[in-house]
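Student: Next come a sequence and a model predicted from it.
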Amino acid sequence: MDVVVRTLVDTAPGRDGLVRARVEMPPGSQVEAVAGPGGELWYVIDGAGLLTAGDGPGTPILRDTALWLPPGAGYRLTATAGMLTMDRVTLPAATGIPDDTGVPRLARLADCAVDFTGDRRFRVLFGPGNGCEAATQFVGEIPPGRAPLHSHTYDEVVLVLDGEGVLHAGPVGHPIAPGTCIHLPPGQQHCLENTGHGTLRVLGVFHPGGSPAAKTAAGAG
């Protein structure tokens, strides 16, 4: 089996925008590449693998591991167990925020602090002051129910990891389920409603970086 890359959303087709893709690597497969000029944020959805950068030893990556690959960072990913399934968000080149370390960084969801916005929990994996100045990557947990409409000042791409619900971002609601990918441009009024009985889990990336708790209520401003 070959490595499969499926583009889920491109916020600016033909231009320099956020591009979200799903990467599936069968056991034993390997990808060797260099991160794009804006850097890349990865997240392991399932399976296990090994990340190698430079001549250093490989680092195991498991489910709920996040990776920040700075612009131009060389890396090698090897799938070691199960189908290594990952989310990849490629950032625009013109971020205006340099990152000259060239060293990939890892964050594990279980090690990240839990923050709250209302009754919703979130954990920031990477963000300004937390390993990545150009963007924010987080996992949010939404209990059953609906929050008020709000907007953000940045581009947001959201991937549903678990649960079911409805996206409210206009006159008609849109059903969402695991694998649903959403692009919310700056200023777009929206909210996610959890219509199930369990937790709705989402993986979000903001560009430029910002806090998931920073929002503007509908009608404000």
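Tutor: All right, it came through fine.

Student: how does this structure divide into domains?
Tutor: 4-108, 110-217 (automatic domain parsing).

Student: Mean pLDDT for these - can I get that in JSON lines?
Tutor: Formatted as JSON lines, the domains of the chain follow (pLDDT from 0 to 100):
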{"stretch": "domain 4-108", "mean pLDDT": "91"}
{"stretch": "domain 110-217", "mean pLDDT": "92"}
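
Student: would JSON lines of these with mean neighbour count be doable?
Tutor: Where you see a C-beta, it was placed from the backbone N, CA and C, and this is true even at glycine. Output for these, formatted as JSON lines (neighbours: other CB atoms under 10 Å):
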{"stretch": "domain 4-108", "mean neighbour count": "17"}
{"stretch": "domain 110-217", "mean neighbour count": "18"}
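
Student: for this structure, what's the longest strand?
Tutor: strand 74-90 (DSSP state E).

Student: Paired strands for it, with orientation please.
Tutor: Looking at strand 74-90 with DSSP bridges, its partner strands are strand 19-25 (antiparallel), strand 30-34 (antiparallel), strand 40-52 (antiparallel).

Student: next helix or strand past the longest one?
Tutor: I take that to be strand 40-52. As assigned by DSSP states H and E, the chain's next helix or strand after strand 40-52 is strand 59-61.

Student: Can you give the distance of that following strand from its chain's centre?
Tutor: Mean-position distance between strand 59-61 and its chain equals 18 Å (CA atoms, centre = their mean, to the nearest Å).

Student: coming back round to it: any chance of the strands paired with strand 74-90 in JSON lines, plus distance to residue 59?
Tutor: Output for the strands paired with strand 74-90, formatted as JSON lines (distance: least, CB to CB, whole Å):
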{"stretch": "strand 19-25", "distance to residue 59": "16"}
{"stretch": "strand 30-34", "distance to residue 59": "15"}
{"stretch": "strand 40-52", "distance to residue 59": "5"}
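
Student: Please identify which of these is closest to residue 159.
Tutor: Checking these against residue 159 by CB to CB gives strand 19-25 as the closest, at 6.8 Å.
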